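Engineer: fold the following.
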Amino acid sequence: MTFDALWDSILDVGREPTTGGYRRFAWNDADLTLREWFTGCAEQRGMSVEEDRNGNLWAWWLPPGWSGDPKDAFVTGSHLDSVPDGGAYDGPLGVVSAFAAVDEVRARGIVPNRPVAVAAFSDEEGARFGVACVGSQLSTGALKPPRALVLRDADGIPLGEALEKAGRDPRHLGVDPTLTDRVGVYVELHVEQGRALDLVDKPLAVASSIWPHGRWLFTFTGEANHAGATRLVDRRDPMLAYASSVHTARQAAELHEAVATFGKIRVLPNGANAIPSEVLAWLDARAADEDTLTGLVERISGEALEHAACDGVKLRIEAESITPIVEFPPGPRDRIARALGHLGDIPVLPTAAGHDAGILSAVVPTAMLFVRNPTGVSHSPAEFALPDDCRAGAFALADVMAEWVTADETPDDEIPRSTPRIARLG
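Structural biologist: Next up is the predicted model:
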């Protein structure tokens, strides 16, 4: 099956007709349908499929005569879930390209001398339960099962209950001790998020690093009251402190040459004629280095506390997830550049977006390929990549895969793992 046919086969799954965006959330119907699609793609290629203890999917292509568990595998893939009304490319492009690359490598008559796996990691976006990269964080130990199981969605359903409803046993969640043995390298192909490649007229790039980033929950607590009958001087309105904090976040981000976004809020009691009793607001903050990120969040938090005090409102701030900077190791990155040398100079770019490759980099060598996004728009129905660039990405991934699975041994400079400090949650 060609890249185009694979791509077309999932375009309608989880798409909301009124917005054109995707609502592929962890363990919902669309997510389960895509998991079935993944299994079908693997079976069509004679690849064995497993779902690990944390819901991550693995499709294995083993060398002829291989016996026992896979070791030192070349692994590629991404995720299949989306943000609310997200685009088609973020995540699925990497999984589709991985299967297309397997097809291309086989079409070249190449027989691998090491295992190959296509992976789809569970709940990367965190759209339903509020924490990103749940599958990879659980597998690496960055997220502990007790913390994960009590995460709740907007309807109050905990992750453990959602897993049970989907036929999974939540008691199985936890560290995957086989990761370091089974995975020799993980190469994630992803649509570019932001606009850099279009400006230099290049279809592909290699990632150098991932900015440190995190999510913080700001809970502004005031007093519910009548919107018409309550004097302004008698109000304890948490919406005022929240609104002031949004403005502060923008100013602080500009000052620190970083980004900060309040993109999700929950208002109680959420009545048009009622002063809110509580506003829950989630801050997403990212910066080029950890000191800058710390300073950014401290400034936003400090001023938010001042706003709250002035308005007679209480404020509680909780860090829900923090991921330090990830610097991808030079070994895999340089090897990708060599494998793609026939394409000319490949840009090497940092990214401010989080990825499973960043989480896994604490325990296995990882690398990333980016496919040009001509508009820079992501996490939106307008997210886009040109078909020719997508095909180029899949062929490039096949080149990288072919080089890796025909090499006699892993070069010495690839042995060291990257050196991020993983954030621990729970």
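
Engineer: and Val96, that one's in a helix?
Structural biologist: Yes - assessed with DSSP: H, G, I helix; E, B strand; the rest coil, Val96 lies in a helix.

Engineer: quick one: contacts for the nearest residue to it once chain neighbours are set aside?
Structural biologist: Sequence neighbours aside, Leu6 is the residue nearest to Val96 in space, at 4.8 Å (criterion: C-beta to C-beta, 6 or more residues apart in numbering). All C-beta spots, glycine's among them, are computed from the backbone N, C-alpha and C. Counting by C-beta atoms under 8 Å, 6 or more residues apart in numbering, Leu6 makes contact with Cys41, Val96, Phe99, Ala100.

Engineer: distance of the first one relative to Asp234?
Structural biologist: Looking back up the chat, that one is Cys41. Going from Cys41 to Asp234 by C-beta to C-beta, to the nearest Å gives 62 Å.

Engineer: higher neighbour count, the two?
Structural biologist: For Cys41 and Asp234, the more surrounded residue by other C-beta atoms under 10 Å is Cys41, and the numbers stand at 25 against 11.

Engineer: who touches that one in this structure?
Structural biologist: Going by C-beta under 8 Å, 6+ apart, Cys41 touches Met1, Leu6, Ala59, Phe99, Val118.

Engineer: buried ones among these?
Structural biologist: In terms of neighbour count (16 or more other C-beta atoms under 10 Å), the buried residues within the contacts of Cys41 are Leu6, Ala59, Phe99, Val118.

Engineer: measure the last one to Asp4 for me?
Structural biologist: For Val118, the distance to Asp4 (C-beta to C-beta) stands at 18 Å.

Engineer: check the third one too.
Structural biologist: Applying C-beta to C-beta, one obtains 12 Å for the distance of Phe99 from Asp4.

Engineer: same question for Arg182.
Structural biologist: Summarising the geometry, the distance separating Arg182 from Asp4, computed by C-beta to C-beta, is 31 Å.

Engineer: more crowded one of the two?
Structural biologist: It is Arg182, of Arg182 and Asp4, that has more neighbours when counted by other C-beta under 10 Å, with 19 against 14.

Engineer: is it fair to say Ser136 lies in a helix?
Structural biologist: Yes - per three-state DSSP, Ser136 lies within a helix segment.

Engineer: for it, give me its contacts.
Structural biologist: Ser136 is in contact with Asn56, Phe121, Glu124, Ala142, Asp356, Ile359, Leu360, counting by C-beta under 8 Å, 6+ apart.

Engineer: helix, strand or coil for Met368?
Structural biologist: Of the three states, Met368 takes strand under three-state DSSP.

Engineer: enumerate the beta-bridge partners assigned to it.
Structural biologist: In this structure, Met368 bridges to Glu188 when assessed by DSSP bridges.

Engineer: offset the numbering so it begins at 52, please.
Structural biologist: From this message on, residue numbering opens at 52, which makes the last subject Met419.

Engineer: looking at the contacts of Ser187, which are in strands?
Structural biologist: Among the contacts of Ser187, the ones falling in strands (DSSP state E) are Phe172.

Engineer: any low-confidence regions in the stretch 352-477 of the chain?
Structural biologist: Within the stretch 352-477 of the chain, the segments meeting pLDDT under 70 span 460-477.

Engineer: try 50 this time
Structural biologist: The stretch 352-477 of the chain contains residues with pLDDT under 50 at 462-477.

Engineer: for it, just list every one of the strands.
Structural biologist: In chain order, the stretch 352-477 of the chain shows strands spanning 365-374, 377-378, 399-402, 417-422, with DSSP state E, counting those that start in this stretch as the criterion.

Engineer: out of the ones you listed, deepest packed?
Structural biologist: Counting by mean count of other C-beta atoms under 10 Å, strand 417-422 has the highest mean neighbour count of the strands of the stretch 352-477 of the chain, with a mean of 27.

Engineer: list of residues touching that one?
Structural biologist: 140, 144, 236-243, 248, 254-258, 379-380, 383-384, 387, 400, 402, 406, 408-409, 411, 436, 440-441, 443-444, 447-448, 451, 469.
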